[in-house]
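Enquirer: Need coordinates for the below:
(chains A, B and C)
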Amino acid sequence: MKLKEISREELFRSSYGCAGCAAVLAVRLTLKVLGRNCVCVVPANCISTVSCYYPQTPFFVPMTVMAFAATGAALSGISAGFRRRGREDISVVGFSGDGGTADIGIQSLSGAIDGGYKFIYICYDNEAYMNTGIQRSGLTPYGATTTTTPAPCFETESKKDMLRIVAAHDIPYAATACTSYPLDFMQKVARANRVNGPTYIHVLAPCPTGWGFAPDRAIELGRMAVESGFWRLVELENGKLRTTHKPSRRRSVAEYFAAQTRFRQLSPEQIEEIQRNIDRRQAAGQAFSATG
Amino acid sequence: MKKSIPGPVSRAGNIPTRMGSWSTIKPVLKGKCNFCLLCWIFCPEGAISQDEGHRQVLFNNEECKGCGICVRECPTGAIEMAEPEQGERP
Amino acid sequence: MSTRTPARKYITANEAVACAARLARVEVIAAYPITPQTTIVEKLASFIARGEMDADFIKVESEHSALTACMGARMAGVRAFTSTSSQGLEYMHEMLAYVSGGRYPLVLVNVCRSVALPWSIWGDQQDAIQQRDTGWIQIFTETGQEAMDMVLQAYRIAEDHRILLPVMICLDGFIQSHTEELVEIPDQESVDSFLPPYDPVVTLDVDNPHTISMGGFGKHYAAWRREQQAAAEKAGEVIVEVGDEFARVFGRHYGGLIEPYRCEGAEAVILLMGALTGTAREVVDEMRADGQAVGLIKVRAFRPFPVQSLRQALSLVKAAAVLDRDCSWGYGGALATDLKAALYSLPNPPAMLNFIGGLGGADVSPEQMKYMLDKALAAKKGAPSSMEFIDL
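Expert: Prediction:
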């Protein structure tokens, strides 16, 4: 996949998303791959919050707003409906946030993967409930402050490893990605689209508002997450895990943390401890872990 | 007979409101664009288009929210944020 | 009327409902097991397994997902079916409102059962009543035959372009769901002539793309809600229309929104919904034979509430005994309280005696029904309304 070959058609435009929103970028990039022959399901999250207030709708393809906990089931139902109508050529894609995936929607996601219908479930992960005002979710990383883990405290639990969770379902295809690596992400969407079954892509989407950085640094932050080993770009196909991008330069996690305000509460010792954990996990080559 | 559609439904891609008004500063090409398209791919708003003839990018001020990602990601530093001159403003 | 000979079989209402879903050419089924609904989906699964029905059975992990998946199938433009009971219906609550507000013409069979706590698997109608304000058309049935016939009619009502609202067909747990009775199963050709293929108004259509089920503020929101209320009110007419049309094709008629029974010159009537109506009919027959001026009104449609029919039917009655297998805690039985509101401004309305009974599967005996009617006969017009728990 080359930049020059990517569709110039913009199928997601003029949302109310914050300037520099990488979740908006994730939707835009996905639709560039899937084109007009796809339908979208968006549960309660930033994307539905910044879209779809009648009559304004930034989606140029068919789309429906969905209940928070219901993305997986909606994808199954729509996919079943298209199967009945002999339209399995249509891509059915969901855009769920981190809370909608790892917390309230995890049951429905699990049921949908188990159900076996063809769909692409995209979890865009900005690591907290952002549209309600930055509350912690099951995917908020250890050490981050949110409005429900406020300073001087911080999130004390580590991020759920969604990739391992979906892998445990024997899902035919799953991947992690980051909006700062658009070709890697889009290639994964294209691969998922070719699978005749449930697929899952977990895309890290830096959030200027929630993480505390200037909007113009949204791409840089994602790059730092990967270069620091905080986030890994991997792909799981038929049970085999593959790293799709190894960063050429290695940054310290301290550098990544310093570029945003949400980790300000951490002491140098605590950051060192996080660094040691990342190093240890990387050395051990933890099979399914996307974090560290 | 045209069927009337009940409930909360809108034609896809109906965007009467453009978000360009959110920002008064907009990206402007000041240096040489090498047409690498990084700004284009990274623009969350899809507010950058490709001018194939002139081998450079174009900015859609009507939809640009002024995040500045294009400026930061441009490898040649060719883009700057500036107040558009009279007549350029959407 | 069809000239074909329909099959007649001893089956439960649950099996009758499953047959109806098959005859309605439902293409997607998603359901989760719960007593006493379970045998409906078991039957449907077996129809599909044996090749007697061409449909997708979506395996789901909850009722919330079952209803969501059915809504998804509707978005893709195909006919879908689900059924549940009690806690399952409660668990669907969020999606019930999504379905009605999104104007998806789904059909759901609720096999009525009490709601925990106190926990009980046995029947009452608390589950359905607790979903009263979710925007679904709710129709209560008395027999397996009526349950089957109403599922067929429900698709006609729901998919009518003037309505486009979901329909919940209620049957009583165990009394209907697990009791075999002789049911006439119509042939496919007759059903096809009565129920045309689903003709959706809007779908997730890649060739004609729309954002469906979106959000909106202020006047837009209010306008959609007013539209929804108008459709729900209109449903009253359409239920009657479809019932008449059904009678022309199949020869069975259930009376529309309410079914008055021996109400001519009645001084006191008993009102109720669902399977206990059968007992009430016998009690009314016996009391009439004794020369007592009593009658019965079976309320079939609970939403839309048949205000005009009830005002008309009750205008000359001295007292109404209302049996509720449910309660709106802190007020009274749902049928009784809604009925009181419906009769407001009626000159000289009947006395209202509310009996809460048959809770948690308790039997309501003919003696208890006679007790209710005796009390109503003794009541004076204009007397303050009363409420009594009769299971104790």
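
Enquirer: So which residues on the stretch 151-300 of chain C come close to chain B?
Expert: C:161, C:164, C:201-202, C:209-216, C:220, C:224, C:227-228, C:231 (Cβ under 8 Å from any Cβ of the partner chain). The C-beta positions use only the backbone N, C-alpha and C, and glycine is treated the same way.

Enquirer: Helices - which of these land there?
Expert: In this view, these that belong to helices under DSSP state H are C:220, C:224, C:227-228, C:231.

Enquirer: ok, of those, which come out buried?
Expert: Neighbour-count burial (16 or more other Cβ atoms under 10 Å in any protein chain shown) applied to these gives C:220, C:224, C:228, C:231.

Enquirer: Counting neighbours, what do you get for the residue lying closest to the first one once chain neighbours are set aside?
Expert: So the one you mean is residue C:220. Excluding the flanking residues, the one nearest residue C:220 by Cβ to Cβ, 6 or more residues apart in numbering or on different chains is residue A:54, at 4.8 Å. Residue A:54 has 18 neighbours, counted by other Cβ atoms under 10 Å in any protein chain shown.

Enquirer: what sits against residue B:44?
Expert: By Cβ atoms under 8 Å, 6 or more residues apart in numbering or on different chains, the contact list for residue B:44 reads A:17, A:20-22, A:24-25, A:28, A:218, B:67, B:69.

Enquirer: Intersect these with the contacts of chain C.
Expert: Within these, nothing lies near chain C by Cβ under 8 Å from any Cβ.

Enquirer: which among those end up buried?
Expert: A:17, A:20-22, A:24-25, A:28, A:218, B:67, B:69.

Enquirer: Narrow the contacts of residue B:44 to those in helices?
Expert: In helices, judged by DSSP H, the following of the contacts of residue B:44 are found: A:22, A:24-25, A:28, A:218, B:69.

Enquirer: and of the residues you listed, the nearest to residue A:167?
Expert: Residue A:167 lies nearest to residue A:22 out of these, by Cβ to Cβ, at 24.5 Å.

Enquirer: Cross-check the contact I'm expecting between the closest one and residue A:181.
Expert: No. Assessed by Cβ atoms under 8 Å, residue A:22 is found out of contact with residue A:181, at 11.4 Å.

Enquirer: what do these two both touch?
Expert: In contact with both residue A:22 and residue A:181: residue A:222, using Cβ under 8 Å, 6+ apart.

Enquirer: can you count the residues close to the residue of the stretch 251-392 of chain C found nearest chain B?
Expert: With Cβ to the nearest Cβ as the measure, residue C:304 is the residue of the stretch 251-392 of chain C nearest to chain B, at 16.3 Å. Residue C:304: 20 surrounding residues under other Cβ under 10 Å.

Enquirer: Up against chain C, what does chain B have?
Expert: Counting by Cβ under 8 Å from any Cβ, chain B sits next to chain C at B:3-14.

Enquirer: Could you pick out the buried ones from those?
Expert: So, of the residues of chain B next to chain C, B:6-10, B:12-14 end up buried under the neighbour-count rule (16+ other Cβ under 10 Å).

Enquirer: I'd like those residues laid out as a markdown table, including pLDDT and secondary structure.
Expert: Shown next, in a markdown table, are those (pLDDT from 0 to 100; DSSP: H, G, I helix; E, B strand; the rest coil):
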| residue | pLDDT | secondary structure |
| --- | --- | --- |
| B:6 | 88 | coil |
| B:7 | 89 | coil |
| B:8 | 92 | coil |
| B:9 | 95 | strand |
| B:10 | 94 | strand |
| B:12 | 95 | coil |
| B:13 | 94 | coil |
| B:14 | 94 | coil |
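
Enquirer: what subset of these is also close to chain A?
Expert: Taking Cβ under 8 Å from any Cβ as the test, chain A is in contact with B:8, B:10, B:12-14 out of those.

Enquirer: What is the nearest of those to chain C?
Expert: Distances from chain C to these, taken by Cβ to the nearest Cβ, are shortest for residue B:12, at 3.5 Å.

Enquirer: would CSV of the ones in helices among the residues of the stretch 151-300 of chain C next to chain B with pLDDT and distance to residue A:153 be doable?
Expert: Below are these laid out as CSV (pLDDT from 0 to 100; distance: Cβ to Cβ, whole Å):
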residue, pLDDT, distance to residue A:153
C:220, 93, 42
C:224, 95, 43
C:227, 96, 48
C:228, 97, 45
C:231, 98, 51
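
Enquirer: So which of those residues is the closest to chain A?
Expert: Closest to chain A, out of all of those and judged by Cβ to the nearest Cβ, is residue C:220, at 4.8 Å.

Enquirer: can you tell me how far the closest one sits from residue B:7?
Expert: Per Cβ to Cβ, to the nearest Å, residue C:220 is found 11 Å from residue B:7.

Enquirer: which residue is nearest the middle of chain B?
Expert: residue B:47 (2.0 Å; Cα atoms, centre = their mean).

Enquirer: Around chain B, which positions in chain A sit nearby?
Expert: So chain A meets chain B at A:3-4, A:6, A:8, A:10-17, A:19-22, A:24-25, A:28-29, A:52, A:54-63, A:182, A:208, A:214-220 (Cβ under 8 Å from any Cβ).

Enquirer: now these: which count as buried?
Expert: Buried residues within the residues of chain A next to chain B, counting neighbours by 16+ other Cβ under 10 Å: A:6, A:10-17, A:19-22, A:24-25, A:28-29, A:52, A:54-63, A:182, A:208, A:214-220.
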